[in-house]
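Undergrad: Return a 3D structure for these sequence lines:
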Amino acid sequence: MKWMLVLVLAGCGTAPPTVQLVEVPVFTPCVKVVPQRPAYEFDKLPSEAMDGEIVLALARDWPRGRKYEEALRGIVSGCLTGESVE
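TA: Prediction:
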């Protein structure tokens, strides 16, 4: 009985277990805000629009489309490089 008491007390004298930090990668989306698609003039044209009207609408939509494309390109490149883009 004495030996059992000695063993129990010896077990209490050991150091407490240490806390180990484990880092686990967690998925977080890199895109916080998606730019809104512009309202293209071409999409509002009637189906019977003349060729000239279609060409003019496409020409007026060109800068809007390029701006939207650049915003999307920035977001995609941020996702590929691992940087968060807002």
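
Undergrad: drop to CA atoms for contacts and neighbour counts, all remaining ones
TA: Fine.

Undergrad: list the contacts for P35?
TA: Counting by Cα atoms under 8 Å, 6 or more residues apart in numbering, P35 touches 68, 71-72.

Undergrad: Tell me the secondary structure at it.
TA: Of the three states, P35 takes coil according to DSSP: H, G, I helix; E, B strand; the rest coil.

Undergrad: separation between it and S77?
TA: According to Cα to Cα, to the nearest Å, P35 stands 15 Å off from S77.

Undergrad: Would you mind putting the contacts of P35 into JSON lines with distance to E53, secondary structure and neighbour count alongside?
TA: Shown next, in JSON lines, are the contacts of P35 (distance: Cα to Cα, whole Å; DSSP: H, G, I helix; E, B strand; the rest coil; neighbours: other Cα atoms under 10 Å):
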{"residue": "Y68", "distance to E53": "23", "secondary structure": "helix", "neighbour count": "14"}
{"residue": "A71", "distance to E53": "28", "secondary structure": "helix", "neighbour count": "14"}
{"residue": "L72", "distance to E53": "28", "secondary structure": "helix", "neighbour count": "14"}
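
Undergrad: from those residues, which is closest to W3?
TA: For the contacts of P35, the minimum distance to W3 (Cα to Cα) is 74.3 Å, reached by L72.

Undergrad: where's the closest one relative to V26, distance?
TA: 24 Å.

Undergrad: likewise R66?
TA: Using Cα to Cα, R66 is found at 34 Å from V26.

Undergrad: And these two? Which one has more around it.
TA: Shown here are R66 and V26; by other Cα atoms under 10 Å, R66 has more neighbours (11 against 6).

Undergrad: ranges for the helices of the chain?
TA: In the chain, helices defined by DSSP state H lie at 2-12, 51-81, listed in chain order.

Undergrad: who's in contact with the closest residue to R37 other than its chain neighbours?
TA: Closest residue to R37 apart from its sequence neighbours, by Cα to Cα, 6 or more residues apart in numbering: Y68 at 7.0 Å. For Y68, the contact set (Cα under 8 Å, 6+ apart) comprises 35, 37-38.
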